[in-house]
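Chemist: Take this sequence and fold it.
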Amino acid sequence: MSYGLPYDSDEGRALAGAITAIMTGESYSQSAEMARTMGAFPGYRDSRCAGVAKTVAKDNVEPTLGVIKQHREAVETIHPSREFNYLKTEARHCWNRALDLGKKYGYRNAQVTVLAPTGTIAFLMDCDTTGVEPDIALVKYKLLAGGGMLKIVNRGVGDALHRLGYGEAEIKAILAHIEKHDTIEDVQEDGQTIKSGLKPEHLPVFDCAFRAAKGTRSIHYLAHLKMMAAAQPFISGAISKTVNLPNEATVQDIRNAYVDAWRMGLKCVAIYRDGSKRSQPLNTKRTNEGGDKTATTAVAPLEARIKELEGMVASLQMESGKPLRRRLSDTRQALTHKFDIAGHEGYLTVGLFDDGAPGELFITMAKEGSTIGGLMDSIATLTSMSFQYGVPLEALVRKFSHQRFEPSGFTKNPEIRNAASITDYVFRWLAFQFLPGYRDAHTVTRGQQELPMPDLVEELKKKVNRPIPELPIADNDTDILDLANVKARPAKAAPGRYEVKNLSDAVAHFQQDAPTCPNCGHVAVRNGACYKCLNCGESLGCS
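Modeler: Numbers count the residues shown, from 1 in each chain. This next block holds a predicted model:
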């Protein structure tokens, strides 16, 4: 096009053939020069290099030189051209030199050239066309992978118009016409014909692979095949090129294209019908679809489906913020544990999920209906709901362990020697049972031998254990009773009288609603209108 020659012309094919012949001839000459230093390719002088034990000939010298001779003879088939005849003469010299050097040294390469699509390389090198392809269109639109569209305008039109003898004003007007209407042809708008200023006999020079959106002309598929046939005799391998057919091409047209390519001696051919794909990288108009095909997909059902999906997404977003309760199966395994804190007995029952994780908690105190029993039921219910709504057990243990209130004291559990409260014992026991690593991290006596210390437990019980009058004291079945003392025990006091045995019994009635000492933690006793601590002497507001 830049030389003012149509793609579908003998002059254009002569130019392409001569240039291809020179490139491949010079490549074989350089390959022979390399063979002089590095040796010929494997198999040139020994045909058994491919592992074939019995070959037709002992070497491939004559077959390779025969190929070079065929390339040289094909130069004479290049169509004569007055303007480019010097290229044909140069091509003849190149192949003669390649043959002479090959007879002396052989060739380092069995093949030297192919014609690749070069799409990406062509864009990087700012070329208008790729490989041996004609231009898709004078104005084309490229869909970008990240979204958007790029308008690409052929810049060889100005050079072609100069060679065809057009003046500057005429060239400027024609380029403006192309910029506005995306074609160099005359266009029809509102029943009027808008002239481009190009002479009709020059239209074939600007024919492209695809018909412009407002145009009527395009290159016939035979022109693609003839151009490939002009270059194929001078290519070692094959040509990767697309033979473009218009959108209205028939099945017979496709068949004829393949048959004609075979008759012309082409090694391979690829055919593409404009608009045959849902989308294509280059288009002749601003659209996401290729060619001139019209959309046949109904839009209304798609829009209705989109609205339906948007409603579903909104509903799922609302539900995603709500907590999800994991319920236990109707039949589940459970773990029951008996505990004793300062003589107050109780039972823990933990229902388990199928994976062994705790899912519910029941706390039963020895005396039903008591205040602490009711509070423990509430704590157990809250804990069960926390388990089922996914609250981590680690968070519950950190929050509720080591809370201090009565009853508190020593327990019979060797892992939890002292409990600050029932809540403290419950959650520490859950941690020992269900939190990996908690037992190793919190067992004080791990790795130490337990040595007996007489009377130590009883002394600690006297100082630490803090019973609650509302809860019954459990009988210590393991204690050894002194039968003599039992026989000598006096009769019970008469109803309505309280028998005083020690200081604790004497002040017990003062501790019914007494708070704990803020200094040492013991239960204070009433002192007039205030309270005082008998353990450390702390006064709670009286003096």
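
Chemist: Which positions in the longest helix along the chain come out as buried?
Modeler: When the chain is parsed with DSSP state H, its longest helix is helix 10-38. For helix 10-38, the neighbour count (16 or more other C-beta atoms under 10 Å) marks 11-32, 34-35 as buried. (Glycine included, C-beta is placed from N, CA and C.)

Chemist: After it, which helix or strand is next?
Modeler: Note on helix 10-38: by DSSP states H and E, the next helix or strand toward the C-terminus is helix 61-74.

Chemist: hey, C-alpha coordinates of that following helix in PDB?
Modeler: Presented in PDB, the C-alpha positions along helix 61-74 are these (Å, rounded to 0.1, in the frame of the first residue of the first chain):
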ATOM      1  CA  VAL A  61      24.300 -33.700   1.200                       C
ATOM      2  CA  GLU A  62      22.600 -34.100  -2.200                       C
ATOM      3  CA  PRO A  63      19.000 -33.700  -0.800                       C
ATOM      4  CA  THR A  64      19.900 -30.500   1.000                       C
ATOM      5  CA  LEU A  65      21.700 -29.000  -2.100                       C
ATOM      6  CA  GLY A  66      18.700 -30.100  -4.100                       C
ATOM      7  CA  VAL A  67      16.400 -28.000  -1.900                       C
ATOM      8  CA  ILE A  68      18.700 -25.000  -2.300                       C
ATOM      9  CA  LYS A  69      18.600 -25.500  -6.100                       C
ATOM     10  CA  GLN A  70      14.800 -25.500  -6.100                       C
ATOM     11  CA  HIS A  71      14.800 -22.200  -4.100                       C
ATOM     12  CA  ARG A  72      17.200 -20.700  -6.700                       C
ATOM     13  CA  GLU A  73      15.100 -21.900  -9.600                       C
ATOM     14  CA  ALA A  74      11.900 -20.400  -8.000                       C
END
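
Chemist: ok, back up a step: which strands and helices lie in contact with the longest helix of the chain?
Modeler: Judged by 3 or more C-beta pairs under 8 Å, 6 or more residues apart in numbering; DSSP states H and E, helix 10-38 is in contact with helix 61-74, helix 85-105, helix 221-231.

Chemist: pLDDT on the second one, on average?
Modeler: For helix 85-105, mean pLDDT rounds to 95.

Chemist: Please apply the same query to the shortest one.
Modeler: This predicted structure assigns helix 221-231 an average pLDDT of 94.

Chemist: Which secondary structure state does the closest residue to A342 other than its chain neighbours sit in?
Modeler: Setting aside the residues directly before and after it, A342 is nearest to G409 in space (C-beta to C-beta, 6 or more residues apart in numbering), at 3.2 Å. Following DSSP: H, G, I helix; E, B strand; the rest coil, we place G409 in the strand state.

Chemist: Now for G409, how many residues are close by?
Modeler: Using other C-beta atoms under 10 Å, G409 is surrounded by 21 other residues.

Chemist: which strand residues sit across from it in the sheet?
Modeler: A419 (DSSP bridges).

Chemist: I figured it was touching N418, is that so?
Modeler: Yes. Counting by C-beta atoms under 8 Å, G409 does reach N418; the two are 6.9 Å apart.

Chemist: so who does G374 touch?
Modeler: Counting by C-beta atoms under 8 Å, 6 or more residues apart in numbering, G374 touches no other residue.

Chemist: Give me the distance between it and T364.
Modeler: Separation of G374 from T364 (C-beta to C-beta, to the nearest Å) stands at 12 Å.

Chemist: With adjacent residues omitted, what lies nearest to C517?
Modeler: C533 (3.9 Å).

Chemist: I'd assumed A524 was in contact with the one you found.
Modeler: Yes. Applying C-beta under 8 Å as the test, C533 and A524 come out as touching, 4.9 Å apart.

Chemist: overlap in contacts of these two?
Modeler: 517, 540.

Chemist: low-confidence ranges in this structure?
Modeler: Within the chain, the stretches with pLDDT under 70 are 287-298, 367-370, 444-452, 456-457, 459-513, 529, 541-543.

Chemist: do that again at 50, thanks
Modeler: 289-297, 477-481, 483-484, 486-496 (pLDDT under 50).

Chemist: And the strands in the stretch 301-450 of the chain?
Modeler: Here the stretch 301-450 of the chain has its strands, by DSSP state E, counting those that start in this stretch, at 334-341, 344-352, 358-365, 409-410, 418-419.

Chemist: mind checking which of those is nearest T250?
Modeler: strand 358-365 (70.9 Å; C-beta to C-beta).

Chemist: List the buried residues in that closest one.
Modeler: Under 16+ other C-beta under 10 Å, the buried positions of strand 358-365 are 358-365.

Chemist: Tell me which two in those are the farthest apart.
Modeler: G359 and M365 (21.9 Å).

Chemist: before we move on, the earlier item: turn the strands of the stretch 301-450 of the chain into TSV, including distance to C94.
Modeler: Putting those into TSV (distance: least, C-beta to C-beta, whole Å) gives the following:
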stretch	distance to C94
strand 334-341	93
strand 344-352	88
strand 358-365	87
strand 409-410	107
strand 418-419	101
